[in-house]
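J.: prediction below, plus the sequence it came from.
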Amino acid sequence: MKKDSYITELKQAKQSLYESEARYQILIDNSNDLIQSVGLDGRFLFVNQSWRHKLGYNKEEIFGLNLFDVIHPDFHQHCHILFEKILNGNKVQHIEVTFLAKEGKSIYLVGSAAPRFLDGKVIAAQSFFHDITEHKRAEEEIKMLSTIVEQSTEGMAIAGLDGNLLYTNEAWGRMHGYKSSKELLGKNLAIFHNKEQIENEVKPFNEKVLELGTCSGEVGHITRDGKPFPTLMTSTLLKDKQGQPYAIAGIAKDITERKQAEEEIKSLSLFPEENNDPVMRVSKEGKVVYANKASAKCLQFYHRGVGQRIFKPLLGTVQTAISSGEAKTIEFPCCEDQVLLFNVVPVQEQDYVNIYGTDITKLKHSEEQIQNNLKEKEILLRELYHRTKNNMQVISSMLNLKARYTKNKVVTATFKEIGNKISSMALVHQKLYESKDLSHLNLKEYINDLILLFKRSQPDLSGRITFITAGKDINVLIDTAIPVGLIINELINNALKHAFLDNRQGEIKVNLLQKNKTELIIEVSDNGVGLPKGFDLQKDSHLGLELVTDLVEHQLQGKIDYKSKKGLSWRILLKEEMYEPRV
């Protein structure tokens, strides 16, 4: 009898479980995230459409699969431990795992999992995963580019227009006597120059960069212990898509050895033929009076020789150097596959100049490669945001169209709510696509646009509900913006449904605060009827408020509280690292 009773009880539990899964399917099947429910034996009870699409399985194939059939073997041991933990009644946050699609392709995921209870007993494990495959691949490409930059023998640095360093490679640090490039981040470029260098070389050089967009020439530097050394600098002004400058990228080559050689070649009688770089002497009239063997290739390229007038790219620089009495630099091609930087040094007492050439072909190729790679990554990221936004808008439009032809008011309202959630996420990608900064967006502007979506989707709100947005302009990362958008969308939608009964007028306010520059506070309040007496957030929450609580406490690692006095006020607190810029 006990065995028959146990079997009956087990069948009833399974039947209840399957019925419960069916109720949730309509709400979550169109989510972009991968959502699954797994039984105690590890077999799938439910997966949503995104899950099936990403992994390439149809509905009939799902229920013959075990969870560990789709988990990459490298993650089996770790996931067995997590699965046991969930079956013991514990939630697990921030799970990073790799699934294998039907055809064998790896799908990189991050998400969370929690037990599902029935009559106080764990009956299943349900999980929400976000596909980060594209993000992982972009990270690998960026790592490859970073490796190229880090292995370069030339020092490379990027600084803001205020002179504070945003990036340096290890060669830059070693060149200046620092053990690690990390200790230089945030430091000002002034630490690499003495006062004389700043006034006579750095300021004029940077003025040319800002004026012309790029500049190459000699700039004096100092090591960490104050020892000066000469460099050949090539700097480029970085601009955003609106053409506004935001940083300067520089490549520096230590030319101490070359300068020492120049000192030895001040008189051309000191072994000029042993120099592998071009060395020439040109009169004030522009005639080549001497050229070493290394200069022959360059002279032949311009059909010139000793005793003839110097070629045009150098002629103007020679005349300027003689008239000003100052050394000048100029770079230009000396053959089809070579670029040289010429240092033109006047010797005024004799009315001639000595010209010293340096091959910078590799340096120019490296600079072009870095610029092209940066542009490709920016174009790729903008296209990704644009396509994601378009796909979400298509899904939202399909839901709205379906809602129009559905007579069941409950189903219609459900479609609209899901459509609003998708629109709030699509709006994040639209704002990022339009933004100068591809990783942050202005939260206040985003909330204002989100409210406009509510007004357009519900024309009857006009004149009845007043929306107010207050607080500071705060930039947040996309990882924060999407869940925050869903939270605010759900709280506003909840207020519109329950706070203003019988079409009464009211006010909904969203306020953004920053506490001691370490915490972000979001307040969503209304002056409606408030919550019923005895309301318990943990026990009485419907699906929408459960989503809000899960997003705040688990995904954003924040805190949520509420007060029901003269309406309802929600207060959400997020930590600094959720919206601080990444290094």
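T.: On my side now, so go ahead. Numbers count the residues shown, from 1 in each chain.

J.: hey, let's count contacts and neighbours off CA atoms from now on
T.: Fine.

J.: poorly predicted segments of the stretch 101-250 of the chain, please.
T.: Counting by pLDDT under 70, the stretch 101-250 of the chain contains low-confidence ranges at 138, 141-142, 144-149.

J.: and the strands in it?
T.: With strands called from DSSP state E, counting those that start in this stretch, the stretch 101-250 of the chain shows them at 106-118, 121-131, 155-160, 165-168, 214-222, 228-239, 245-254.

J.: hang on, Gln77 in a helix?
T.: Yes. Under DSSP: H, G, I helix; E, B strand; the rest coil, Gln77 sits within a helix.

J.: now it: how far from Val97?
T.: According to Cα to Cα, to the nearest Å, Gln77 stands 11 Å off from Val97.

J.: those two: which has the busier surroundings?
T.: The neighbour comparison of Gln77 against Val97 (other Cα atoms under 10 Å) goes to Val97, with 18 against 9.

J.: so the more buried one belongs to a helix, correct?
T.: No. Val97 sits outside any helix when classified using three-state DSSP, being strand.

J.: wait, it touches Tyr108, no?
T.: Yes. Counting by Cα atoms under 8 Å, Tyr108 is a contact partner of Val97 at 6.3 Å.

J.: now do Ala291 against Pro73, distance only.
T.: Ala291 sits at a distance of 68 Å from Pro73 (criterion: Cα to Cα).

J.: and these two? Which one has more around it.
T.: Neighbour count, other Cα under 10 Å: between Ala291 and Pro73, Ala291 has more, with 22 against 14.

J.: now the more buried one: closest residue in space, sequence neighbours ignored.
T.: Spatially, and ignoring its direct neighbours in sequence, Ala291 is nearest to Met280 (4.3 Å; Cα to Cα, 6 or more residues apart in numbering).

J.: got a list of what the one you found touches?
T.: Taking Cα atoms under 8 Å, 6 or more residues apart in numbering, we find Met280 in contact with 288-292, 295, 354-356.

J.: check it and give its pLDDT.
T.: Met280 is assigned 86 on the pLDDT scale.

J.: which helix or strand contains Val38?
T.: Taking DSSP states H and E as the criterion, Val38 maps to strand 34-39.

J.: tell me what angle that strand forms with strand 121-131.
T.: Going by axes from the mean of the first three to the mean of the last three Cα atoms, to 10 degrees, strand 34-39 is angled at 160 degrees with respect to strand 121-131.

J.: tell me which residues form a beta bridge with Lys253?
T.: Leu232 (DSSP bridges).

J.: what sits against it?
T.: Contacts of Lys253 by Cα under 8 Å, 6+ apart are 154-155, 231-233.

J.: make TSV out of these and add neighbour count and distance to Ser324.
T.: Shown next, in TSV, are those (neighbours: other Cα atoms under 10 Å; distance: Cα to Cα, whole Å):
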residue	neighbour count	distance to Ser324
Glu154	21	31
Gly155	24	31
Thr231	22	22
Leu232	20	21
Met233	21	22
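
J.: nearest residue to Asn66 other than its sequence neighbours?
T.: The shortest distance from Asn66 to any non-neighbouring residue, by Cα to Cα, 6+ apart, is to Arg43 (4.3 Å).

J.: no, scratch that, I was asking about Asn88
T.: Of all residues not flanking Asn88 in the chain, Val122 sits nearest, at 7.5 Å (Cα to Cα, 6+ apart).

J.: beta partners for that neighbour?
T.: Beta-bridge pairing for Val122 (DSSP bridges): Phe117.

J.: ok, it touching Asn90?
T.: No. Distance between Val122 and Asn90: 9.9 Å, which falls outside the contact criterion (Cα under 8 Å).

J.: what's the spacing between His176 and Glu490?
T.: His176 is 54 Å from Glu490, where distance means Cα to Cα.

J.: what do you get for Asp33?
T.: To Glu490, Asp33 is 18 Å away according to Cα to Cα.

J.: the nearest residue to Ser216 once chain neighbours are set aside - how many residues pack around it?
T.: Nearest residue to Ser216, sequence neighbours excluded (Cα to Cα, 6+ apart): Thr234, at 4.3 Å. Around Thr234 there are 23 other residues, counting by other Cα under 10 Å.

J.: where do the helices sit along the stretch 351-500 of the chain?
T.: 361-404, 409-434, 443-457, 478-498 (DSSP state H, counting those that start in this stretch).

J.: brain fart, the stretch 1-150 of the chain
T.: Applying DSSP H, counting those that start in this stretch to the stretch 1-150 of the chain gives helices spanning 2-28, 49-55, 59-62, 67-70, 76-87, 133-150.

J.: before we move on, back to that, tell me which of the strands of the stretch 101-250 of the chain sits nearest to Gly64.
T.: Taking Cα to Cα, strand 121-131 is the member of the strands of the stretch 101-250 of the chain nearest to Gly64, at 16.4 Å.

J.: mind giving me the packing neighbours of the closest one?
T.: Secondary structure elements in contact with strand 121-131, counted by 3 or more Cα pairs under 8 Å, 6 or more residues apart in numbering; DSSP states H and E, are strand 34-39, helix 76-87, strand 106-118.

J.: buried residues in it, which are they?
T.: 122-129, 131 (16 or more other Cα atoms under 10 Å).

J.: can you add distance to Phe311 and give these back as CSV?
T.: Compiled in CSV, the buried residues of strand 121-131 are given as follows (distance: Cα to Cα, whole Å):
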residue, distance to Phe311
Val122, 86
Ile123, 85
Ala124, 82
Ala125, 78
Gln126, 76
Ser127, 72
Phe128, 69
Phe129, 66
Asp131, 60
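
J.: from these, which is closest to Lys563?
T.: Lys563 lies nearest to Phe128 out of the buried residues of strand 121-131, by Cα to Cα, at 29.7 Å.

J.: show the contacting residues for that closest one.
T.: Listed by Cα under 8 Å, 6+ apart, the contact partners of Phe128 are 33-36, 111-113.

J.: is it bridged to anything, and to what?
T.: Ile35, Ser112.

J.: before we move on, the earlier item: nearest to Asn66, out of the strands of the stretch 101-250 of the chain?
T.: Going by Cα to Cα, the one of the strands of the stretch 101-250 of the chain nearest Asn66 is strand 121-131, 12.8 Å.

J.: circling back: after the host helix or strand of the residue nearest to Ala291, next one along is what?
T.: Here Met280 sits within strand 279-283, counting by DSSP H and E. On the C-terminal side of strand 279-283, the closest following helix or strand by DSSP H and E is strand 288-291.
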